[in-house]
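1. let's see this in three dimensions:
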Amino acid sequence: MSALTSESRLVDSFETRITGIDSVDLDKLHTLSMSVAWPHRREDWQFLREFGQGIAAIDEIGRILGSAMWFPYDDRFATIGMVITSPRLQANGAGQWLMGHALDQVAGRNLGLNATRAARRLYLSLNFVREAPVFQCQGEAIAPPDVELPAGAAIRPVEAEDLEAIAELDRVAFGTDRTPLLARLMTNSKGVLLVRGGRIEAFSLCRRFGRGHVVGPVVAVSDADAIAVVHPHALEHAGSFLRLDTREKVGIFADFLSRCGLAVFDFVTTMSLGDPWLPSPGGQVGHRAKTYALVSQALG
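-> This is a model prediction of the structure:
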């Protein structure tokens, strides 16, 4: 067994071992994410544990010093996220140790992740390839002015029977079927659809997360359609904290977010191992759905 996938290692004279993340108390996971200033609530951790799998590093006195999770969408693709190492572990190569275990569990799949600046070097050392930045836009939402709906379009709330059409639109944009994830999200989100010619051509979901609410995913065929399905959420949450993670740096959608009070707070880098995750530049043309906002950095 290599050091990268050994079951334990010594940290500050305490033996630290790998355990399944499902066995870890939520309060301890919450403490771990707070130690690196991540906003996840206990409920956000629980949602991720219900959908994904993971490991944690625990020492002899019960402290949780690190974590890594993976989210298999099918036999060919998974995302990796929630890779956290406490300050105590960071000087001990813990990131590679945790990632070694995670990569063993998803061997044979193409992988995607969104890397913080601090973790980018680690992922590059594991042969992940940079693809695109993701901009974390957030702030106290400002009520946006009314927007004119695109020609021939109408908006309405998402309903349970819309799942199949939403999942198909998302599959085109994301590249992998995420029906189980979307079904779970729809139980705790408020959604908006854009319908044109009897077809669903854009949607957004908004849910509680971190310091307030997050809008995501947002899938649409144009900036104007994306704005139309985000506008109601910005209006509803005016005066409170709102977040949206997007790869749109410029253009009318990015300008709209700025007018809503959602300034760029930070960015991460989408990276892949195996086949490229994102469509090639210029690959999304014409009347094709694309992802305007991520579900989350961990889930893509």
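2. tell me what the top helix by length along the chain is packed against?
-> Under DSSP state H, the helix in the chain containing the largest number of residues is helix 223-236. The contact analysis (3 or more C-beta pairs under 8 Å, 6 or more residues apart in numbering; DSSP states H and E) places helix 223-236 against strand 153-157, strand 189-196, strand 199-209, strand 212-220, strand 241-246, helix 252-259, strand 290-293. The C-beta positions use only the backbone N, C-alpha and C, and glycine is treated the same way.
3. and the ones you listed: which comes nearest residue 54?
-> When these are compared by C-beta to C-beta, strand 199-209 sits nearest residue 54, at 18.2 Å.
4. buried stuff in the closest one?
-> When burial is assessed from 16 or more other C-beta atoms under 10 Å, strand 199-209 yields the following buried residues: 200, 201, 202, 203, 204, 205, 206, 207, 209.
5. likewise stretch 79-95?
-> Of all the residues in stretch 79-95, those buried under the rule 16+ other C-beta under 10 Å are 79-86, 88-89, 92, 94-95.
6. what about it, how long is it end to end?
-> 16 Å (C-alpha to C-alpha, to the nearest Å).
7. residues in contact with it?
-> If you take C-beta atoms under 8 Å, 6 or more residues apart in numbering as the criterion, stretch 79-95 is touched by 3, 9, 11-12, 16, 32-33, 35-36, 38, 48, 52, 54, 57, 64-71, 73, 98-99, 102, 106, 111-114, 119, 122, 296-300.
8. cutoff 6 Å now
-> With contact meaning C-beta atoms under 6 Å, 6 or more residues apart in numbering, stretch 79-95 is reached by 11, 32, 35-36, 65-71, 102, 111-113, 122, 298, 300.
9. now list the buried members of those residues.
-> Applying a neighbour-count criterion of 16+ other C-beta under 10 Å, the buried members of the contacts of stretch 79-95 are 11, 32, 65-71, 102, 111-113, 122, 298, 300.
10. inside strands: which ones of these?
-> 11, 65, 66, 67, 68, 69, 70, 71, 111, 112, 113 (DSSP state E).
11. nearest to residue 221 among the residues you listed?
-> Residue 221 has its nearest neighbour among those in residue 112, at 22.3 Å by C-beta to C-beta.
12. contacting residues around the closest one?
-> Contacts here follow C-beta under 6 Å, 6+ apart; on that basis residue 112 touches 79, 272, 277, 300.
13. got these as JSON lines, with pLDDT and secondary structure columns?
-> Listed next are those as JSON lines, based on pLDDT from 0 to 100; DSSP: H, G, I helix; E, B strand; the rest coil:
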{"residue": "79", "pLDDT": "98", "secondary structure": "strand"}
{"residue": "272", "pLDDT": "98", "secondary structure": "strand"}
{"residue": "277", "pLDDT": "95", "secondary structure": "coil"}
{"residue": "300", "pLDDT": "98", "secondary structure": "coil"}
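14. tell me which element residue 54 falls in.
-> In this structure, residue 54 sits in strand 53-59 according to DSSP states H and E.
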